[in-house]
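**Q** sequence unknown, structure follows:
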């Protein structure tokens, strides 16, 4: 494969994903340069530094996506963009370019495949239970996949990581005996409202109500609970209320976190739309139903599979050997090597969703750090302040009671004084009869 330039592309119809894309590309620019001598361009979201031919403008691309003068939502364009916009992009791709992207949208992959342009897509793996985040890698070139596959993580390594997470979760749960599940529960796994995996080909976002019949059938097998995604915000409440209407039963929130559920000894069934937790379930031997399918499915095959992503450990992603293999370049005598380290990519990305809750709650290290940082003194001061406030509130309530009693005494005193004044007032004199009446009587 002859690659003369590496062009960075992501979803050009979305602006909100650009920072995350540039972050991932920043991570791999150095090892790629040392592996191949090629510089990875910036994405076209900013005018300078993109690797497309001169004259390309993201504003012009988006203008070609408009319908009746209005820019459609990114969901409406997620699977397909107008032909004029696609042609405009392809016309500005250099020859012999390798497109490197982060969370490439289906429309972009489809257009690159139609033009037989080589691409590599990077996205975070849904398997988040390990000692660090894992990067998924997918390509449309069998030679790149075959070269990278020996450097990817294998099933044995991930099984070991899942086993360690399960042991940690079980230990904590055994110390929290108040957490109990009902018999044979069905756990609905929520997720953020507008994740790309929920967007259908027509741009509509899948909802739980689209699978009402399946959910009603599962609800007859056991009580349903709702596992909220901490990133979902108020949508979690809306989705839970939808489930209650669909199955005609109350759907309580599940108090356990995802890994406590996956590791527990209870018989449970997981169901959801396309949450990554449903993919993680198989690594804990759990039954799970993904009603809308899953995305970024982990692959361990030596050749490409549809929607299959090789699982790349963080230290491998940041090292030179991976990119020497991908770009079919000889490895230097002293390549860049990054030592394995727990939470390396989590710290760089500041992405602790799910893992933080599973590992920090009940941690002796966290409690000690809290104490050493003065947290206990602050907590004691807060408790003293709360006690003083409670005492002050009691005093205020007592003063109010005394004032109310005094007010009643004053009111009674005023009433007695008013009655006394009325009794002391002199009676008016009795008037005589009119004279005309007297004369009539004499006559």
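**A** Received the coordinates, thanks. What you are looking at is a predicted structure, and each value in this text was computed from that prediction instead of being measured.
**Q** Residue 226 belongs to a helix?
**A** No - using DSSP: H, G, I helix; E, B strand; the rest coil, the assignment for residue 226 is strand, not a helix.
**Q** which SS class is the residue nearest to it when sequence neighbours are not counted?
**A** Computed as Cβ to Cβ, 6 or more residues apart in numbering, the closest residue to residue 226 that is not its neighbour in sequence is residue 240, at 4.5 Å. For the C-beta atoms, the positions are set from N, CA and C on the backbone; glycine is no exception. Following three-state DSSP, the label given to residue 240 is helix.
**Q** just residue 123 next, same as before
**A** strand.
**Q** Give me the local confidence score for residue 442.
**A** The per-residue pLDDT reported for residue 442 equals 47.
**Q** next one: residue 120
**A** So, for residue 120, pLDDT stands at 98.
**Q** quick one: average pLDDT of the longest helix seen in the chain?
**A** Counting by DSSP state H, the longest helix found in the chain is helix 375-424. Per-region confidence: helix 375-424 scores 79 on mean pLDDT.
**Q** Residue 25 against residue 7, yeah?
**A** No - using Cβ atoms under 8 Å as the test, residue 25 is too far from residue 7 to be in contact (10.9 Å).
**Q** Identify the contacts common to the two.
**A** Counting by Cβ atoms under 8 Å, 6 or more residues apart in numbering, the contacts common to residue 25 and residue 7 are residue 100.
**Q** ok, which stretches of this structure are strands?
**A** Under the criterion DSSP state E, the chain contains strands at 5-8, 97-102, 118-124, 134-139, 186-189, 224-227, 269-272, 287-290, 297-299, 308-313.
**Q** who does the shortest one pair up with?
**A** Take DSSP bridges as the rule and strand 297-299 pairs in its sheet with strand 308-313 (parallel).
**Q** The partner strand relative to strand 118-124, how many degrees between them?
**A** Orientation check (axes from the mean of the first three to the mean of the last three Cα atoms, to 10 degrees): strand 308-313 against strand 118-124 gives 60 degrees.
**Q** any idea of the mean pLDDT for strand 308-313?
**A** For strand 308-313, the mean per-residue pLDDT is 98.
**Q** thinking again about what came up before, what is the longest helix of the chain packed up against?
**A** Contacting helix 375-424 under the criterion 3 or more Cβ pairs under 8 Å, 6 or more residues apart in numbering; DSSP states H and E is no other helix or strand.
**Q** let's go with 10 Å and repeat that
**A** helix 364-372 (3 or more Cβ pairs under 10 Å, 6 or more residues apart in numbering; DSSP states H and E).
**Q** tell me the mean pLDDT over the helix it packs on?
**A** Average pLDDT, helix 364-372: 67.
**Q** And stretch 15-30, by the same measure?
**A** Computed over stretch 15-30, the average pLDDT equals 94.
**Q** and it, which residues are buried?
**A** Buried residues in stretch 15-30, counted by 16 or more other Cβ atoms under 10 Å: 17-18, 20-22, 24-25, 27-29.
**Q** before we move on, what about stretch 251-263?
**A** 251, 254, 256-263.
**Q** Over to stretch 105-112?
**A** Buried residues in stretch 105-112 (16+ other Cβ under 10 Å): 105, 107-109, 111-112.
**Q** Mind listing residues that contact that stretch?
**A** Residues outside stretch 105-112 that contact it (Cβ atoms under 10 Å, 6 or more residues apart in numbering): 9-14, 17, 65, 74, 77-83, 85-87, 89-90, 93, 97, 99, 101, 104, 117-119, 121, 138, 140, 196, 199, 201, 295.
**Q** Could you verify my assumption that residue 137 touches residue 317?
**A** Yes - contact criterion Cβ atoms under 10 Å: residue 137 and residue 317 qualify, at 8.2 Å.
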